[in-house]
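*Asks:* Please work out how this folds:
(chains A, B, C and D)
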There are 2 protein chains.
Amino acid sequence: MIIFLLYKIIYNAITTYITNRFDTKNNLLSLFRKHCVLKKKTVTIDDIARYLNIATSTVSRALSDHHSISDQTKKLIKDTAKKLNYRPNSLAANFRKGKTKTIGLVVPRINRNFFSNVIHGVEYVANQFEYSLIICQSNETYKSELEAIETLMNNRVAGILISISRETRKPGHIKSVIEKGIPLVQFDRVFEEIKSNKVLNDNLNGAYSAVKGLIDQGYRRIVHFAGPYYINIYQDRYEGYKKALLDSGLTPDEKLVFENILTREEGYEKTMEIFGKANRPDAVFAASDFSALGAMIALKDMNIKIPGEVGVVGYANEPFTDYISPGLTSVDQHSVEMGQTAARLLFEEILNEDENYVPKTLTLKPDLVIRDSSSGG
Amino acid sequence: MIIFLLYKIIYNAITTYITNRFDTKNNLLSLFRKHCVLKKKTVTIDDIARYLNIATSTVSRALSDHHSISDQTKKLIKDTAKKLNYRPNSLAANFRKGKTKTIGLVVPRINRNFFSNVIHGVEYVANQFEYSLIICQSNETYKSELEAIETLMNNRVAGILISISRETRKPGHIKSVIEKGIPLVQFDRVFEEIKSNKVLNDNLNGAYSAVKGLIDQGYRRIVHFAGPYYINIYQDRYEGYKKALLDSGLTPDEKLVFENILTREEGYEKTMEIFGKANRPDAVFAASDFSALGAMIALKDMNIKIPGEVGVVGYANEPFTDYISPGLTSVDQHSVEMGQTAARLLFEEILNEDENYVPKTLTLKPDLVIRDSSSGG
DNA sequence: CTGAAAGCGCTAACAA
DNA sequence: TTGTTAGCGCTTTCAG
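*Replies:* From the prediction side, this is the model:
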């Protein structure tokens, strides 16, 4: 402590001394630099002010382009800042202002095509607003999701974008974000009952058009590989499946619907089981491209022709759907656009001045991308 | 200002008053809560201290489990914190300490299988150390890379992991990070000449084993689709290609090597051009799975049999290599492990106490994953 | 084991 | 247009 005070006093004395004593800027600069290096001190706004013998506030204002500072002074200050290799301390600024120019994004997984595209979209918009992005993975667990929210809130992010993990059943953490007044957008996998901004895919209609497509091509007994129903998107896809059947005068058969078939392995196993028997169905509509892929591989292994004998349609339009043969018909969710939309909505709330902001729900229309795997039975 | 001071005075008076006056905790609590809600004030350490009539420092210490606080006091303080719904302000703590528990990651693209796996690996390790992760995309541009570095430095991240963008040619920004004493690890795409931690793939040996594999299967005139040579990884893959040929007694033919063929489209076009003529080569070694895919599609379109007439090998072991048929032989770079290794190395430097830390270079061995596309001509 | 108090670097209200 | 000054919430040194 004593040493520190002593240092401070000497420091001030020296800087004042050299400021007054030496006329040549170069000399002053070199002394200043030596001083900084010696003390491993980072250059602050105060240093610039002392160096130019002006007020700290003037420097602060100049650096943030405040209108009330003359262009001349601004230039001088900015040049000096550069000369002294000044780096703003965002930590201090954020702390002082009680907020950051950072938004948080919580996704189940980053290495999933859908989410990495969403992130791409979010980043694009965040960049435009000059905000940075901190990304958290929940890894589909409730625990990590809680921790992520906790961290983001503690770090006073300006807003949060979230897609709920598969494991999460309680919306308490989402509620607490909203109660704290932190802008929030739920996207894709959401708690419907929570009053917040939401960006959704129209999963019902996406599934509807997928199944309708199969029916139009002559397929009749269509299997559905569903996800867990407690997640809204899978529930909706299931509804769309049923609706398409009913609208075409077909009766949905519960025995053709299988919950929790989402991975390649699950799709493979289940297909082997169902299509290995007599009186087999003639099509598969999978809620995931991966289980659709598993189905295709199983069908190939059983020497069943796609699309001749069995049609297959997936969901999400993963890149590989276009690479395999036959190409897998799938539903494109416009994932990049979804990220952008969610981010724009978030900024709408962040930048909103009005006290009573009313949250919105936006729904994006998915598109059926028709490839060979469903082209007629 | 005056109003604020007045508020402060009244605030203190009231809290002191209620602290002294009321005995029943419940009553006190409800008053406190009402007060906080009314003022939209977030609960601070000081509030807890005032509430319990103890020192701020004690509260601070208790909450961070300082050893010199009795278990009894700790429990009391923690319970109270919970009761008052206290949220730590990381902004203030970080600012005070002059550092954060955050590491920065700069990658060219997030929606590339390799990088999303690296991120996964980094996140895993960061989690273990209880650090959070801020991810920046350079989108393969120099400008974004600079901005990312700038932001990360201003936010006083504890360390930076970076893989250089395709556009970046000058290492000035990397140097400045190191000069500032911020721990840094370059991975995959690096500036060799910069003295820093590095994690590399042994691209030379990866390419070597890929080409050796083709030769062993009887292929002789092997085309190489290369990336830009100024990027170290593509240079190394090219070297590996040549070395494998030479070691097998074959003479590398410059006319079979094509720079900057990395995408599916480029691979398709170039393959059409080369293999459409008489006296065509009999294999392709692509520095990217995507150009290898393009080659496969082109060969199919020309009715050239894979692997019967032409063998194809890619690089990176993208997931789709396993889904297409024939499966594409490729080189696996252990991307998740790379992320973990890079992150561990970073933490080694971050947590290092020793003044003169000597940076390390680690090299990971890639593995050839043999599939049908190269199984014999 | 606990308390008192300084101060991190910056912003913004108020004064000039 | 510029200067003065208080204080954001926390940690930490020093003193008991």
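*Asks:* Stretch A:289-298 vs chain B: in contact?
*Replies:* Yes - under the criterion of CB under 8 Å from any CB of the partner chain, chain B is reached by stretch A:289-298 at A:Leu293. In short, each C-beta sits where N, CA and C put it, glycine included.
*Asks:* Return the distance of the nearest residue to A:Ile48 once chain neighbours are set aside relative to A:Arg50.
*Replies:* Spatial nearest neighbour of A:Ile48, excluding adjacent residues (CB to CB, 6 or more residues apart in numbering or on different chains): A:Val59 at 4.9 Å. To A:Arg50, A:Val59 is 10 Å away according to CB to CB, to the nearest Å.
*Asks:* Tell me the confidence at whichever residue of the stretch 151-300 of chain A sits closest to DNA strand D?
*Replies:* The minimum distance from the stretch 151-300 of chain A to DNA strand D, using CB to the nearest atom of the strand, falls at A:Asn154 (9.0 Å). Reading off the confidence values, A:Asn154 has pLDDT 91.
*Asks:* for the closest residue to it other than its chain neighbours, phi and psi?
*Replies:* Leaving aside its sequence neighbours, A:Asn154 sits nearest to B:Ser90 (CB to CB, 6+ apart; 4.2 Å). Per-residue torsions, B:Ser90: phi -60, psi -30 (degrees, to the nearest 10).
*Asks:* Over to A:Val43?
*Replies:* Here is the backbone geometry of A:Val43 (degrees, to the nearest 10): phi -70, psi 130.
*Asks:* show me what contacts the residue nearest to the spatial centre of chain A?
*Replies:* Geometric centre of chain A, nearest residue: A:Ile119, 4.1 Å, by CA atoms, centre = their mean. Neighbour list for A:Ile119: A:105, A:107, A:110, A:133, A:135, A:339, B:110-111 [criterion: CB atoms under 8 Å, 6 or more residues apart in numbering or on different chains].
*Asks:* Look up the pLDDT of the residue in the stretch 101-250 of chain A that DNA strand C sits nearest to for me, please.
*Replies:* Taking CB to the nearest atom of the strand as the measure, the stretch 101-250 of chain A has A:Lys101 as its residue closest to DNA strand C, at 10.9 Å. pLDDT, A:Lys101: 93.
*Asks:* and what of the one 10 residues further on?
*Replies:* Per-residue confidence (pLDDT) for A:Asn111: 82.
*Asks:* Nearest residue to it in space, ignoring adjacent ones along the chain?
*Replies:* Nearest residue to A:Asn111, sequence neighbours excluded (CB to CB, 6+ apart): B:Ser116, at 3.8 Å.
*Asks:* distance between the helix or strand where the one you found lies and the chain's centre?
*Replies:* With elements taken from DSSP states H and E, the one containing B:Ser116 is helix B:113-128. Taking CA atoms, centre = their mean, to the nearest Å, one finds helix B:113-128 lying 6 Å from the centre of the chain it belongs to.
*Asks:* need the next SSE after it, C-terminal direction.
*Replies:* Following helix B:113-128 in sequence, per DSSP H and E, is strand B:132-137.
*Asks:* how about that next one, does it get close to chain A?
*Replies:* Yes - using CB under 8 Å from any CB, strand B:132-137 reaches chain A at B:132-137.
*Asks:* Those residues into CSV, with extra columns for neighbour count, distance to DNA strand D and pLDDT?
*Replies:* What follows is the residues of strand B:132-137 next to chain A, written out as CSV (neighbours: other CB atoms under 10 Å in any protein chain shown; distance: CB to the nearest atom of the strand, whole Å; pLDDT from 0 to 100):
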residue, neighbour count, distance to DNA strand D, pLDDT
B:Ser132, 23, 16, 90
B:Leu133, 21, 21, 91
B:Ile134, 24, 20, 90
B:Ile135, 25, 25, 90
B:Cys136, 25, 27, 91
B:Gln137, 24, 32, 91
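*Asks:* Which of those sits closest to A:Asn94?
*Replies:* Distance to A:Asn94, by CB to CB, is smallest for B:Ile134 among the residues of strand B:132-137 next to chain A, at 13.4 Å.
*Asks:* Neighbour-wise, give me the winner out of the contacts of A:Ile119.
*Replies:* Within those, neighbour counts (other CB atoms under 10 Å in any protein chain shown) peak at A:Leu105, which reaches 31 neighbours.
*Asks:* how far off strand A:132-137 does the one helix or strand that residue maps to point, in degrees?
*Replies:* Take DSSP H and E as the rule and A:Leu105 turns out to sit in strand A:102-107. On the basis of axes from the mean of the first three to the mean of the last three CA atoms, to 10 degrees, strand A:102-107 is oriented at 20 degrees to strand A:132-137.
*Asks:* Many thanks, have a good one.
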